[in-house]
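>>> Make a model of this:
(2 chains)
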2 protein chains.
Amino acid sequence: MSGRILIVDDSAINLKLLEARLTAEYFDVVQASNGEEALAICRSEPLDLVLSDVMMPEVDGFELCRALKSDPRTTHLPVVLITALDQPSDRVRGLEAGADDFLTKPVRDLPLFSRVRSLTRLKQMTDELRRRADTATEILTEAEFAPSSVSELPEIVVVSDHARLQARIARSLQTIGSVREFADYDTAFAAVQKRQVMLTVVDLVGGNGTDPIRFLARCRASEKSRGMPIIAITAADDDRTAAKALEIGAYDYVQRPVDCNELVARSRTQLARFHYGETLRMTLERTLELAVIDGLTGLHNRRFLNTHMSRAVTEAERRQGTFSLIVADIDHFKRINDTYGHDGGDIVLREFARRLEASVRASDLPCRIGGEEFAVLLPNADERTARVTAERFRAAIEARPFIISDALELPVTVSVGLAIFPRGGQEVSTLMRAADAALYRAKSAGRNQIAIAA
Amino acid sequence: MSGRILIVDDSAINLKLLEARLTAEYFDVVQASNGEEALAICRSEPLDLVLSDVMMPEVDGFELCRALKSDPRTTHLPVVLITALDQPSDRVRGLEAGADDFLTKPVRDLPLFSRVRSLTRLKQMTDELRRRADTATEILTEAEFAPSSVSELPEIVVVSDHARLQARIARSLQTIGSVREFADYDTAFAAVQKRQVMLTVVDLVGGNGTDPIRFLARCRASEKSRGMPIIAITAADDDRTAAKALEIGAYDYVQRPVDCNELVARSRTQLARFHYGETLRMTLERTLELAVIDGLTGLHNRRFLNTHMSRAVTEAERRQGTFSLIVADIDHFKRINDTYGHDGGDIVLREFARRLEASVRASDLPCRIGGEEFAVLLPNADERTARVTAERFRAAIEARPFIISDALELPVTVSVGLAIFPRGGQEVSTLMRAADAALYRAKSAGRNQIAIAA
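Residues are numbered from 1 along each chain as shown, chains lettered A, B, ... in the order given. All right, here's what the predicted structure looks like:
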């Protein structure tokens, strides 16, 4: 898969050389000769990757990286830094600035192309998700955003049959996660299938006679661990194995001798990327849920009731069973609203919803279907069960006054209509009408009571 | 990237050989020795690809393919058929059964692995989307599903500097789409950037001295054409170019001499897959929209109003501007509902929403925020503009009675409250309360009128 890459370097010669190499591999190349120009391009053009020199006058590579990663418009863009200095401390500094990867000059073909390809592919996989989540972010209010679930220590797995290396890696990663160690690759694979692991570091040297790359392949072939970040460890200068690992599904690699500071920095990068993707997913899930949830009470809405009533009808017809529908309307709600304002009305609606939820079985579906109208779908419930539920609910509303404020307690009652499938109606619409008619009778007969459709 | 592949063959030897080859390339392999077993596995286990022999007793490869493609649970699974017969008619028959690709025995390594990799990658890219869309399908009622937009002929582009071949391909594809022909690759690239093209067939032999694979790379590097299916044409038996084309981003290839029936069949497969992805995307978009849309009237809902009010406040503060908020409540709606039932009430609400929409400017945001409560956010509107809009709207409701049924026309009126930022309130909540208070005054003063917050 090709991609669009921005290369940044203050040397025209370097730009030309790098462009030629990337173009020969069919990448689409855009150039910038300094950090400011690069920033402007990233903010205005669609790109898949930024490949930047570190040492530049004015805005250097570290600063460019920090600027890109702190701007919501560009934070998803992978950044690879290139430097002439092969200093581990420099690598760590780059990764801490938010760089996704690091290459040292002279940049060899294999590391260059394998990392560029791997990062481009990951980026393109997230793009689709990111675009949907952007729409979702437009829709959600801040309070509705799913809380990020990174309060706990992320679970990290380390796999190596080299005992000393395993212990050294595990010790250094304990600063950023909860680490489990495995010497056997099959046991490790079974472990990452069972629980949500956020990062796996796997040693590709050794493997007890089995091919350790197969561990990578199995993780990727399984849906449970498909998206889990994996960092591979290869022998010193073994670029070929590193490239193969990235191709099969590792997200990053380090070569022996393992510099633990670098490994920790790379691990942080992987965890941050994983977390970014999970947040996108949660935002999207949350927005999809909103389509069937009533914002004020948190109950399901009329759309949800309709969808599930249709299914309940189909299901009950199939096995000649039954189900019940309760509709409920708060008595004199208009008066409450007019007297105590919308805020007072909202307090009543929320407390009403809370008591309704507490009165029904776990399998029942309580919904708010209009201003002061509520409904409950009771799967498999016959008349007796439905009547007991409705009465329990009616009594729960009447039992104690609603607290509007410290100074104000308000007695509230509810009228309830009940319809049983198929006697009360054989379709969603007729059943709903029958329940409404029963509700109307309950109101006419003096409110605060239950009526059942004939 | 690795993946999980089901291989189906009635010969144990063939299964063993194929398994060995795929396992050596780090794929995870599952086996079935007949069509029924294969179907059962596909329905119960997560897979990325099915690779099936055609000639099998009982359920053969064609039937297996048809069964998988017609079942919503498995329709997304790519299927590659393998046969001993190198008959073009057989290939076409397989593609018409819904197969995504076709390999002939003896299966060479390059076509095998390049196609398997390319299809696995495409499938994994759709998976994420498909999972979200499944949630969406749970939520949407049938009526809410976005209509599929394939009424028109799909636009197809053919690129080749070989005039006779170009003409022959274009002629055969005219049966399934509207075809545009290009001899120049740059012009063709510019064309697919400008309009939504559903399929491009590109000849990789020739190219007027430029490398035609670059056309592929540029299409993939550009966001506009990234998802567009591309079928490449290579020289006879040029497996190397075909593999490169799939790696860079072609979705399929045919080799010269081009069998037009086969090309048409492969084109149909690509169009169907493209359409499948687009439908998933539309379903998802539609569901995301639903979170901010009121199901009954089609207006935006309270959530949407809140989000946009917050933005309007920020925006107006920034440039020291103004905006207005209208809240409106149908007079005596409770009486309408009680007298004519929910159906009658719903008719009034929908017609009310229609007249509201017709009374406001295109930039205004009319919303339904409660049972019979509506609101309009008027960006940049000062008191004079807001008052004119509110009066136009009030008059439109009063102007003619609402038609409930052939026999029943009902006069309806509305009370309106108006608040102007920042005079009426400097925050979302205070502005809303001010508009509500004004609405209350309009009601108290006899209804069917407008009141403005002090």
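>>> Residue ranges in the stretch 51-200 of chain A under the pLDDT threshold?
A:85-88, A:137-151 (pLDDT under 70).
>>> And the helices in it?
A:61-70, A:88-96, A:109-139, A:163-173, A:185-194 (DSSP state H, counting those that start in this stretch).
>>> Dump those to TSV, plus mean neighbour count and distance to chain B.
(Each C-beta comes from the backbone N, C-alpha and C, glycine too.) What follows is the helices of the stretch 51-200 of chain A, written out as TSV (neighbours: other CB atoms under 10 Å in any protein chain shown; distance: least, CB to the nearest CB, whole Å):
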stretch	mean neighbour count	distance to chain B
helix A:61-70	20	18
helix A:88-96	18	24
helix A:109-139	19	5
helix A:163-173	16	24
helix A:185-194	16	11
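>>> For B:I176, which of those is the nearest?
helix A:109-139 (26.8 Å; CB to CB).
>>> quick one, the closest one and helix B:109-139 angle?
Relative orientation of helix A:109-139 versus helix B:109-139 (axes from the mean of the first three to the mean of the last three CA atoms, to 10 degrees): 10 degrees.
>>> where's the closest residue to chain B within chain A relative to B:F333, distance?
Going by CB to the nearest CB, chain B is nearest to A:G371 of chain A, at 2.8 Å. From A:G371 across to B:F333, the span is 9 Å (CB to CB, to the nearest Å).
>>> Give me the common contacts of these two.
Here A:G371 and B:F333 have B:371-372 as joint contacts, going by CB atoms under 8 Å, 6 or more residues apart in numbering or on different chains.
>>> just to revisit the earlier point, enumerate every residue touching the residue of chain A closest to chain B.
With CB under 8 Å, 6+ apart, A:G371 has these contacts: A:333, B:370-373.
>>> Mind doing that once more with 6 Å?
By CB atoms under 6 Å, 6 or more residues apart in numbering or on different chains, the residues touching A:G371 are B:370-371.
>>> Report the secondary structure state of it.
Following DSSP: H, G, I helix; E, B strand; the rest coil, we place A:G371 in the coil state.
>>> quick one: A:L15 and A:V29 touch, right?
No. With contacts counted by CB atoms under 6 Å, A:L15 stays clear of A:V29, the gap being 9.1 Å.
>>> now A:L112, nearest residue through space, not along the chain?
A:L103 (6.4 Å; CB to CB, 6 or more residues apart in numbering or on different chains).
>>> err, A:Q31, not the other one
Nearest to A:Q31 is A:L15, by CB to CB, 6+ apart, at 5.2 Å.
>>> Residues of chain A that sit close to chain B?
A:1-4, A:26, A:28, A:46, A:135, A:139, A:141, A:217-218, A:220-221, A:223, A:248-249, A:287-288, A:290-292, A:295, A:303, A:307, A:334, A:342, A:370-371, A:436 (CB under 6 Å from any CB of the partner chain).
>>> Turn the buried ones among the residues you listed into a named ChimeraX selection, would you?
What follows is the ChimeraX syntax selecting those of those that are buried according to 16 or more other CB atoms under 10 Å in any protein chain shown:
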select /A:1,2,3,4,26,28,135,139,217,218,220,221,223,248,249,287,288,290,291,292,303,307,342,370,371,436
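>>> Which of the residues of chain A next to chain B fall in helices?
A:135, A:139, A:217-218, A:220-221, A:248, A:287-288, A:290, A:303, A:307, A:334, A:342, A:436 (DSSP state H).
>>> Mind picking the lowest-pLDDT entry from those?
The member of those with the lowest pLDDT is A:I139, at 67.
>>> ok so, going back, ok, now how distant is the residue of chain A closest to chain B from B:F393?
21 Å.
>>> go on, A:T413?
36 Å.
>>> from the chain's centre, how far out does stretch A:305-323 sit?
32 Å (CA atoms, centre = their mean, to the nearest Å).
>>> Export that stretch to PDB, keeping only CA atoms.
The C-alpha coordinates for stretch A:305-323 follow below in PDB (Å, rounded to 0.1, in the frame of the first residue of the first chain):
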ATOM      1  CA  LEU A 305     -39.100   0.700  22.200                       C
ATOM      2  CA  ASN A 306     -40.400   0.500  18.600                       C
ATOM      3  CA  THR A 307     -37.400  -1.600  17.400                       C
ATOM      4  CA  HIS A 308     -37.800  -4.000  20.300                       C
ATOM      5  CA  MET A 309     -41.600  -4.200  20.200                       C
ATOM      6  CA  SER A 310     -41.300  -5.400  16.500                       C
ATOM      7  CA  ARG A 311     -38.900  -8.100  17.600                       C
ATOM      8  CA  ALA A 312     -41.000  -9.100  20.600                       C
ATOM      9  CA  VAL A 313     -44.000  -9.600  18.200                       C
ATOM     10  CA  THR A 314     -42.000 -11.700  15.800                       C
ATOM     11  CA  GLU A 315     -40.500 -13.800  18.600                       C
ATOM     12  CA  ALA A 316     -43.900 -14.300  20.400                       C
ATOM     13  CA  GLU A 317     -45.600 -15.300  17.100                       C
ATOM     14  CA  ARG A 318     -42.800 -17.800  16.400                       C
ATOM     15  CA  ARG A 319     -43.200 -19.700  19.600                       C
ATOM     16  CA  GLN A 320     -46.800 -18.800  20.200                       C
ATOM     17  CA  GLY A 321     -45.900 -17.000  23.400                       C
ATOM     18  CA  THR A 322     -46.900 -13.700  25.000                       C
ATOM     19  CA  PHE A 323     -45.400 -10.400  26.300                       C
END
